[in-house]
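> Fold the following, please.
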Amino acid sequence: MCYYNAVNISLAKSIRLNAEEKSLEGIASAHQPLISGFDYGLSPVLKKLDSSSGFEMAEMEWGFLPSYLHDREQVYRFRRGYKDEKSVFHPPIITLNAVSEEILLPKKIYRQAALLRRCLVLSTGFYEWRHLHGINRKTGKPLKTALKIPYFIHLPDSEYFFMAGIWQGWEDKDSGEYAETFSILTTSANEIMSQVHNSKKRMPLILPDAEAFSWLMGNLDEHAVAEAVKYRLPSAWMRAYPVAKDFRESADPSAFFDYPDLPSLEDA
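Here you go, the predicted structure:
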């Protein structure tokens, strides 16, 4: 799943979609080589304007929040998990990603957002893990515990690209704080991502400009939304290479790292 994104736009002062430009001035989150979803911080998102046919750049909190959460204490428990009065631990509910094939199901918290509040999440690349099973020298059988190699995946011909998302406004019922929150849609992996994210074979729903504009601005009914999330970005548009295991602590997290004897993706 996509939990680590990069928005490291170092040269461009604006982004363009369907011949419309939006300035990045004041969007601090557009200059981050690594955004961890588990920090639940701000990310740059394209959002349709209510009052016109245009869109705006916004900064939203990564991690879709349902409206029934009363205050920030409940948000914390929702995202981090908690122990109840009987010391039973309730695990966190992760809403960084939403499974695109399921967003329209009747009981999903994402359904209304998919129909009414679609957005585009800006990215210059994302990180995912490849699982490799070594061979036990004594038995000759694959080891049960996989070696996990992180990869950086990007579109080499594009400085930035768009991931399909959905968003929701949330208000703290006590303090009045208002936050806009989002989730990135995921879809089944294409050929290259099936080799990189080979444990779950999923990838972000990355949309080229025409499809991205339709997702953001189109008057899509339920059938059209269901069709839109079937898109698969061609593998030929993507590049993936290994990065250091401690990339999350690195000043240059997307730097190539050479692992001896690492099978190439083409040979996987």
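> show me where pLDDT drops low in this structure?
Residues of the chain meeting the criterion pLDDT under 70: 11, 52, 135-137, 140, 267-268.
> Break down it into its helices, ranges please.
Taking DSSP state H to define them, one finds helices in the chain at 72-80, 111-116, 191-196, 209-217, 222-228.
> Going by neighbour count, list what's buried in the third one.
Yep, that's helix 191-196 we're talking about. Taking 16 or more other Cβ atoms under 10 Å as the neighbour-count basis, helix 191-196 is seen to contain the buried residues 192, 193, 194, 195, 196. Every residue, glycine included, has its C-beta placed from N, CA and C.
> same question, the fourth one
For helix 209-217, burial by neighbour count (16+ other Cβ under 10 Å) applies to 211, 212, 213, 214, 215, 216, 217.
> from these, which is closest to residue 248?
Nearest to residue 248, judged by Cβ to Cβ, of these is residue 212 at 28.1 Å.
> Would you mind naming the residues that bridge with the residue lying closest to that closest one once chain neighbours are set aside?
Here the nearest residue to residue 212 in space, its sequence neighbours aside, is residue 162; by Cβ to Cβ, 6 or more residues apart in numbering that works out to 4.3 Å. For residue 162, the residues forming beta bridges with it (DSSP bridges) are residue 122, residue 207.
> Residue 162 and residue 210 touch, don't they?
No. Counting by Cβ atoms under 8 Å, no contact exists between residue 162 and residue 210, whose distance comes to 11.0 Å.
> which one of the buried residues of helix 191-196 sits closest to residue 264?
Out of the buried residues of helix 191-196, the one with the shortest distance to residue 264 is residue 195. That distance is 9.3 Å, counting by Cβ to Cβ.
> Identify each buried residue in stretch 34-51, please.
Neighbour count says stretch 34-51 has 34, 35, 37, 40, 42, 43, 44, 45, 46, 47, 48 buried, by 16+ other Cβ under 10 Å.
> Between its first and last residues, how far does it reach?
According to Cα to Cα, to the nearest Å, stretch 34-51 extends 33 Å from its N-terminal end residue to its C-terminal end residue.
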